[in-house]
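*Asks:* Could you look at this predicted model? Sequence included:
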Amino acid sequence: MLEVRSITVRFAGLTAVSDLSFDVGEGEILAIMGPNGAGKTSAFNAITGFARPAAGEVLFDGRSITGLKPDAIAALGIRRTFQNNGILREMSVLENVLMGLELSTASSMAGVVFGLPSSVRAEQEAVAAAYAQLASLGVSALAERPAGSLSFGQQRLVEICRALVSGARLIMLDEPAVGLSPMERLQLGEVLRDLAARGIAIVLVEHVQDLVMAVSDRVLVLNYGKKIAEAAPEEVRRNKLVLEAYLGTA
């Protein structure tokens, strides 16, 4: 589904990602780990259009998406969350999820204001889709609450709902377990495994090793912008280069 081919990302002469390649298949969970500054978020940004690779290519369903703008990449079925939480705190949970349909809802502000049937129908369908997605993750009861009033774990689920409601086939999660309690991390892991079982591909950048080891099919480890390991979780846990990167010793 996703093919990353020898991408390099540079900023002001600094190489953040160097010659990185990996694939992600349908229904697969790939975790990307590495020390701070290893290039994880830079790789995410290059894939999702927020940074342009200096070299290499990114393909989705066999089509090159290198250099496309973020909204064009999102429209193809790749959605992402952000490390600093992209929730709009003053809006309701439902309104936050509806933001995920902004590229596909066939309505206009004027159409809604003047009650044009096509626009009203499109808005009604969007609301129904948002409620259905919230229900699928077990948080439909939160629909009318201000998003800022939710726990970190609930906010992460809302972000995932917003990513999925558009019909995304690949979601990319940047440190989704930040600030979550052990119980919330457990719930998040169950959600991710359920999504993968539906055929949705998941790439996550994550530092919380218990979540990574519990849900991932493969783990890719970066250090100083380069891939130093890519294997099943248990194999990566024993890898000497990974131990050196994290602990300074094997």
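*Replies:* Structure's in. What do you need?

*Asks:* Give the rounded mean pLDDT of the helix or strand containing A132.
*Replies:* For A132, the element it lies in under DSSP states H and E is helix 117-136. Averaged over helix 117-136, pLDDT sits at 79.

*Asks:* which helices and strands does the helix or strand just after that helix pack with?
*Replies:* Sequence order places helix 152-164 as the next helix or strand after helix 117-136, per DSSP H and E. Applying 3 or more CB pairs under 8 Å, 6 or more residues apart in numbering; DSSP states H and E, one finds that helix 152-164 makes contact with strand 78-80, helix 93-98, helix 117-136, strand 170-174, helix 182-197. Yep, even glycine has a C-beta here, placed from its N, CA and C like the rest.

*Asks:* then the last one to PDB, C-alphas only?
*Replies:* Okay, so that is helix 182-197. Output of helix 182-197 as PDB, limited to C-alpha atoms (Å, rounded to 0.1, in the frame of the first residue of the first chain):
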ATOM      1  CA  PRO A 182      -1.900   2.800  31.400                       C
ATOM      2  CA  MET A 183      -5.600   2.000  31.100                       C
ATOM      3  CA  GLU A 184      -5.900   4.500  28.200                       C
ATOM      4  CA  ARG A 185      -2.900   3.000  26.500                       C
ATOM      5  CA  LEU A 186      -4.500  -0.400  26.800                       C
ATOM      6  CA  GLN A 187      -7.700   0.900  25.200                       C
ATOM      7  CA  LEU A 188      -5.700   2.600  22.400                       C
ATOM      8  CA  GLY A 189      -3.900  -0.700  21.700                       C
ATOM      9  CA  GLU A 190      -7.300  -2.400  21.300                       C
ATOM     10  CA  VAL A 191      -8.500   0.200  19.000                       C
ATOM     11  CA  LEU A 192      -5.400   0.000  16.800                       C
ATOM     12  CA  ARG A 193      -5.600  -3.800  16.600                       C
ATOM     13  CA  ASP A 194      -9.300  -3.500  15.600                       C
ATOM     14  CA  LEU A 195      -8.600  -1.000  12.900                       C
ATOM     15  CA  ALA A 196      -5.900  -3.300  11.500                       C
ATOM     16  CA  ALA A 197      -8.300  -6.200  11.500                       C
END
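
*Asks:* circling back: next, the angle helix 182-197 makes with the helix holding A132.
*Replies:* Interaxial angle, helix 117-136 versus helix 182-197 (axes from the mean of the first three to the mean of the last three CA atoms, to 10 degrees): 120 degrees.
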